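Engineer: coordinates only, sequence not included:
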């Protein structure tokens, strides 16, 4: 049984968010939350909220406890890019993109 949760348009680059996704993939839910609390990254708070949301989905929809769950898969995809300009020399405007992320999480019940 799989439980899903997702965050759309999270204000962090996908490259930075994938570091945290690789960090928590395959861990127990309680272990992942504990380790994320001590991680010095901006996106770690969003991952904690996302895991809590998925656990709430598991409790309400499937009557599962958090102690029985682990993180089966985490995907971080590109979201929209906000196009902005920065002042350049000689009165020019230099374009850059503020990248956003879509984060998807799948929890599964432990076997055995």
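Structural biologist: Sure thing, it's come through. What you are looking at is a predicted structure, and each value in this text was computed from that prediction instead of being measured. Numbering: from 1, shown residues only.
Engineer: Now do the same for the residue nearest to residue 4 when sequence neighbours are not counted: helix, strand or coil?
Structural biologist: Setting aside the residues directly before and after it, residue 4 is nearest to residue 106 in space (Cβ to Cβ, 6 or more residues apart in numbering), at 5.5 Å. Quick note: C-beta positions are derived from backbone N, CA and C, even for glycine. At residue 106, secondary structure determined by DSSP: H, G, I helix; E, B strand; the rest coil is strand.
Engineer: I'd say residue 106 and residue 69 touch.
Structural biologist: No: the pair residue 106 and residue 69 does not pass the contact test of Cβ atoms under 8 Å, sitting 10.3 Å apart.
Engineer: So if I had to pick from these two, which one is more boxed in?
Structural biologist: Comparing residue 106 with residue 69 by other Cβ atoms under 10 Å, the one with more neighbours is residue 69, at 24 against 15.
Engineer: My read is that the more buried one contacts residue 32, right?
Structural biologist: No: counting by Cβ under 8 Å, residue 69 sits too far from residue 32 to count as a contact (10.0 Å).
Engineer: picking that back up, for the residue nearest to residue 4, list each beta-bridge partner.
Structural biologist: residue 4, residue 73 (DSSP bridges).
Engineer: Sweet, I'm off.
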